[in-house]
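S.K.: Here you go, sequence then predicted model.
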Amino acid sequence: MESIFHEKQEGSLCAQHCLNNLLQGEYFTPVDLSSIAHQLDEEERMRMAEGGIGSEEYITFLQQPSGNMDDSGFFSIQVISNALSVWGLELTLFNSREYQRLMINPM
């Protein structure tokens, strides 16, 4: 490895910079992550609609802002996880049994 890629922090785009630094290149833009967030929002909307589009829960859900992104540059852990899955990578929760297993037997 000739050099280490480091994307300098701009604004509140922590997820973008984290992903690009981890992957060692400019792979994700805010537009890419926004696209993933919108896809997740649509999947959530479809699931909520299964309970009835006239239900109080569905109407309340539609009135709330996205939980997957906001205008400040925040992206949810679900967006980060989906972005990593493009590379065949997956997140392991720190307090999960899988993490504990990996700590005992890393290979």
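M.R.: Cool, the structure landed. Numbers count the residues shown, from 1 in each chain.

S.K.: how close does residue 28 sit to residue 8?
M.R.: Residue 28 sits 15 Å away from residue 8, going by C-beta to C-beta, to the nearest Å. All C-beta spots, glycine's among them, are computed from the backbone N, C-alpha and C.

S.K.: what about the two, which has more around it?
M.R.: residue 28 (24 against 6; other C-beta atoms under 10 Å).

S.K.: where does that one land on pLDDT?
M.R.: If you check residue 28, the pLDDT there is 97.

S.K.: ok, it - contacts?
M.R.: Counting by C-beta atoms under 8 Å, 6 or more residues apart in numbering, residue 28 touches 16, 19-20, 83.

S.K.: Where does it sit: helix, strand or coil?
M.R.: Following DSSP: H, G, I helix; E, B strand; the rest coil, the label given to residue 28 is coil.

S.K.: Where do the helices of this structure begin and end?
M.R.: Secondary structure of the chain (DSSP state H): helices at 14-23, 30-49, 56-63, 77-85, 97-104.

S.K.: Show the average pLDDT along the first one.
M.R.: For helix 14-23, mean pLDDT rounds to 95.

S.K.: just to revisit the earlier point, okay if I get the helices of the chain as CSV plus mean neighbour count and distance to residue 71?
M.R.: Compiled in CSV, these are given as follows (neighbours: other C-beta atoms under 10 Å; distance: least, C-beta to C-beta, whole Å):
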stretch, mean neighbour count, distance to residue 71
helix 14-23, 18, 14
helix 30-49, 15, 10
helix 56-63, 12, 17
helix 77-85, 17, 15
helix 97-104, 10, 33
